[in-house]
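1. Have a look; sequence and predicted model below, questions after that.
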Amino acid sequence: MAIGVVCPECGYAFSVRDEYAGKRGKCPQCGGTFRAQASDRDEMPVIATNGSRNGSHGGRNGTAARPSFAGVAVSAPAAAAATSVAGSYAARRRSGGMPTWGWIALGAMLLAAGGSIAGAWMLSPDPAAIKKTVKERIAKADKALKKVENAVLNSLDDAEDKLPDVEKQIDEFARPKTLEEDVIPGVVKVLSVQGGLTRGHGTGWLINDQHWIATNHHVVEGCESLYIQTADGKKHDIEGVIADKKEWDLAIIKPTKLIEGGKPLKIAPNDGSYLPNAGDKVWAVGNPATHLFTVSRGIISRRVSQRQLISEANQLDTSFYADPERDIMWIQHDARIFPGNSGGPLLDEHFRVIGVNTAGIMVMLEREIERAKEEARAKRDRRGPKVTPTLALASNSMYILELMAQNADGKVKPFSSISEGH
């Protein structure tokens, strides 16, 4: 009777004689250890023990491999099966252990790898071409770097040339501003000539690098010619009128040549970033009566429209002309001005022009005016009552900027056009 055994390591099935039941042995297939146990299974092929070829699995010399037991008797069916398996195994050993399809697949892979290597070698650029390309790119980079270097050096040279101007501007900005140095050189006395004689005077100020001069319309109205006087006492002729607006009481005149030492004044921006408010401190500069280039200080009392001023005309010792196109804004302040200040600049605390002084106004009740007149008549004073101005009005500087923009070509008109109010 034989005992069927299955190798626990390789699963190979075979049989041994029952006398080896319970004993250990080595698998003839893989050499693994197994234990022979009695079983009710059908009889399995028995491994030959007499060293003859029985076809189970071939050894190195072609003989059947055996377990480490003593020889085992082999049944006929088992011998036939063992012979078939052993033949297949021996064939695989003789062919190197790899089937034909494996060799075919290996050959295909080798051919593909060889083709890839050959293709890569054929497509790889020429080393000489690579060297040439690298050299060209280095030369191009050096050229670009040289260009940037030259640009930087030129910029540094320009900066060095401009450094004195920049330092001057910094010093000018850092230097505390004064009326004497920064405002008076931009203010002039405007004199009106009628019938060959000087009949009146007012004030004006330079508004740009071409030395255009802003003043009041009523200062130049009806003149035959004009001339100006600067703070150094020099006189300069006026070529003609550039702009004139009777309703705003403004005019722009032009000298025959640039004024030596003249310094245009800065005008407050007209972009909405600045608006004069009640309580702001202001300076008024002008030429009242026989006094030249005087300065007075005050505060803004209110902003008032032209229509409102016209409605208050019965309380004011002056008159205003309505503009049919718009209702302009005036600045009322208490800086003292007198006849001769007309057309002079009204400045904020930064010495920017925010308005053009037009009139000093005596606000009095009608009965007070009559009483002053009676007192003057009683004293036989032909000059009338002496009344001190209590407030002043200045047109907003934005209207000067508008006139400049409307007459940017600088075309000069004759003096006769002023009297017409054009």
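-> Right, received. Where do you want to start?
2. mind giving me the domain ranges of this structure?
-> 2-94, 127-175, 181-419 (automatic domain parsing).
3. In the protein, what residue spans correspond to helices?
-> When secondary structure is read from DSSP state H, the chain shows helices at 76-94, 100-123, 127-174, 179-182, 217-220, 306-311, 366-378, 398-406, 416-419.
4. looking at these, which one has the lowest mean pLDDT?
-> Per-stretch mean pLDDT for the helices of the chain is lowest at helix 76-94 (a mean of 46).
5. ok so, going back, possible to save the domains of the chain as CSV with mean neighbour count?
-> (C-beta placed from N, C-alpha, C; glycine too.) Shown next, in CSV, are those (neighbours: other Cβ atoms under 10 Å):
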stretch, mean neighbour count
domain 2-94, 16
domain 127-175, 10
domain 181-419, 17
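6. among these, which is nearest residue 102?
-> Closest of the domains of the chain to residue 102 is domain 2-94, at 11.0 Å (criterion: Cβ to Cβ).
7. Distance from stretch 152-169 to the middle of the chain?
-> The chain centroid and the centroid of stretch 152-169 are separated by 25 Å, computed with Cα atoms, centre = their mean, to the nearest Å.
8. Using PDB, write out every CA atom in it.
-> Extracted in PDB, the C-alpha atoms of stretch 152-169 (Å, rounded to 0.1, in the frame of the first residue of the first chain):
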ATOM      1  CA  VAL A 152      23.300 102.700 -16.800                       C
ATOM      2  CA  LEU A 153      26.500 104.600 -17.200                       C
ATOM      3  CA  ASN A 154      24.800 107.200 -19.400                       C
ATOM      4  CA  SER A 155      22.000 107.600 -16.800                       C
ATOM      5  CA  LEU A 156      24.600 108.000 -14.100                       C
ATOM      6  CA  ASP A 157      26.300 110.700 -16.100                       C
ATOM      7  CA  ASP A 158      23.000 112.500 -16.700                       C
ATOM      8  CA  ALA A 159      22.200 112.200 -13.000                       C
ATOM      9  CA  GLU A 160      25.600 113.700 -12.100                       C
ATOM     10  CA  ASP A 161      25.000 116.600 -14.600                       C
ATOM     11  CA  LYS A 162      21.600 117.200 -13.100                       C
ATOM     12  CA  LEU A 163      22.700 116.800  -9.500                       C
ATOM     13  CA  PRO A 164      23.400 120.600  -9.000                       C
ATOM     14  CA  ASP A 165      19.900 121.500 -10.300                       C
ATOM     15  CA  VAL A 166      18.400 118.800  -8.000                       C
ATOM     16  CA  GLU A 167      20.300 120.100  -5.000                       C
ATOM     17  CA  LYS A 168      19.200 123.600  -5.900                       C
ATOM     18  CA  GLN A 169      15.600 122.500  -6.000                       C
END
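9. pLDDT below threshold where in the stretch 151-300 of the chain?
-> 169, 171-175, 270-274 (pLDDT under 70).
10. now the strands for it?
-> Using DSSP state E, counting those that start in this stretch, the strands of the stretch 151-300 of the chain run over 187-194, 197-206, 213-215, 225-229, 235-245, 250-255, 281-286, 294-305.
11. Let's have the domains of the chain in TSV, adding distance to residue 110.
-> TSV is the format used below for the domains of the chain (distance: least, Cβ to Cβ, whole Å):
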stretch	distance to residue 110
domain 2-94	22
domain 127-175	28
domain 181-419	83
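12. Which of these sits closest to residue 105?
-> domain 2-94 (16.7 Å).
13. looking at it, residue 287 is touching residue 342, isn't it?
-> No - when contacts are counted by Cβ atoms under 8 Å, residue 287 is not listed as touching residue 342 (9.3 Å).
14. hey, what's in contact with both of the two?
-> Taking Cβ atoms under 8 Å, 6 or more residues apart in numbering as the contact rule, residue 287 and residue 342 both touch 202, 203.
15. and the end-to-end length of stretch 232-250?
-> The first residue of stretch 232-250 is 26 Å away from its last residue (Cα to Cα, to the nearest Å).
16. Give me the nearest residue to residue 338, chain neighbours excluded.
-> residue 288 (3.8 Å; Cβ to Cβ, 6 or more residues apart in numbering).
17. CA atoms only: put stretch 100-113 into CSV for me.
-> The C-alpha coordinates for stretch 100-113 follow below in CSV (Å, rounded to 0.1, in the frame of the first residue of the first chain):
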residue,chain,number,x,y,z
THR,A,100,10.2,29.7,-27.4
TRP,A,101,7.8,32.6,-27.0
GLY,A,102,10.0,34.0,-24.2
TRP,A,103,13.0,34.0,-26.5
ILE,A,104,10.9,35.7,-29.2
ALA,A,105,9.7,38.4,-26.8
LEU,A,106,13.3,39.0,-25.5
GLY,A,107,14.5,39.3,-29.1
ALA,A,108,11.8,41.9,-29.9
MET,A,109,12.7,43.9,-26.8
LEU,A,110,16.4,43.9,-27.8
LEU,A,111,15.6,45.0,-31.3
ALA,A,112,13.4,47.9,-30.0
ALA,A,113,16.0,49.0,-27.6
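18. Sounds good, over and out.
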